[in-house]
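J.: pasting the sequence and the predicted coordinates here, then a few questions.
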Amino acid sequence: MSNGTLGDGVAAELVDGSGTVIVGGQVSYNDYSGSGNNQPFGGCGNYTAASTSKTFQLYGAVVGGGSTGTFAVSSFSVTSLANGGNVASNSTGQEHIERATVSQTGSSCSIVSQSGSWLAVAYVATGHCTLTFTTGEFSSTPSCVASSLGDDSALVTVGGNTLTKTGGDLYAVQSTNGSLINENMAVVCMGPH
């Protein structure tokens with residue numbers, strides 16, 4: 001939603017058919033360049049419908065300045081979340097997210113904590129552990145990210161070319177000299193179950 005007149009803003013409100021406000025009080029103002037083109041804005045809210053058929057109403061008004069602009073809706077959509085409103089699921093084929101904290105000290109890698117029991121780790125060398133996903137955890141290669149929980153100058157990476165649906169490699173590298181180092185790391189993987 002945006003408005004094209006310098007000095008004016010746009011206010012918008014999204015309500016259901018019974019008048020319950022889902023998103024309200026959103027206002028778009030002119031961009032800092034003074035070009036008269038407002039920055040588009042979007043509203044986002046949660047709403048649980050009692051049935052699969054629901055009426056929504058979108059109200060808008062030009063506010064402030066000379067109030068001579070126009071209210072323009074560039075797009076509008078309502079997105080239903082599958083699996084009861086969860087963005088992740090352990091159902092076969094559905095997207096799900098897993099997380100773990102991995103510690104590497106001396107010549108060992110260990111799991112400090114994890115969501116469920118989706119992961120096993122093994123020591124390879126200083127700064128290098130292997131990750132093994134529980135059989136069937138991911139039906140195809142997930143996306144994984146990792147971050148350092150200790151040394152702010154450590155760069156942590158998962159997988160590279162080694163990441164598959166069964167596991168991959170986890171590395172911690174000292175950014176100042178490129179050497180592999182022992183590090184505590186947070187790992188998050190997301191992919192289809």
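T.: Alright, I've got the coordinates. Numbering: from 1, shown residues only.
J.: where in this structure is pLDDT low?
T.: The chain contains residues with pLDDT under 70 at 1-12, 23-54, 59, 61-91, 151-153, 160.
J.: now do the helices in it.
T.: Under the criterion DSSP state H, helices of the chain are mapped to 82-85.
J.: show me where the protein has strands.
T.: For the chain, the strands defined by DSSP state E cover 9-16, 21-28, 56-63, 95-105, 108-114, 119-125, 128-133, 143-148, 154-158, 167-174, 184-192.
J.: most tightly surrounded among the ones you listed?
T.: Comparing the strands of the chain by mean neighbour count (mean count of other CB atoms under 10 Å), strand 167-174 ranks first with a mean of 21. Just so you know, the C-beta spots here come from the backbone N, C-alpha and C atoms, and that holds for glycine as well.
J.: counting by contacts, list what it packs against.
T.: Judged by 3 or more CB pairs under 8 Å, 6 or more residues apart in numbering; DSSP states H and E, strand 167-174 is in contact with strand 128-133, strand 143-148, strand 154-158, strand 184-192.
J.: leaving out the residues flanking it, which one is nearest to Leu180?
T.: Gly127 (2.7 Å; CB to CB, 6 or more residues apart in numbering).
J.: what's the closest of the helices and strands packed on strand 167-174 to Val15?
T.: strand 184-192 (33.8 Å; CB to CB).
J.: with just CA atoms, put the closest one into CSV.
T.: Output of strand 184-192 as CSV, limited to C-alpha atoms (Å, rounded to 0.1, in the frame of the first residue of the first chain):
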residue,chain,number,x,y,z
ASN,A,184,31.5,-24.2,20.8
MET,A,185,29.0,-23.9,18.0
ALA,A,186,25.2,-23.6,17.5
VAL,A,187,23.8,-25.5,14.5
VAL,A,188,20.4,-25.1,12.9
CYS,A,189,19.2,-27.3,10.0
MET,A,190,15.9,-27.0,8.1
GLY,A,191,14.6,-29.3,5.4
PRO,A,192,11.9,-31.8,4.5
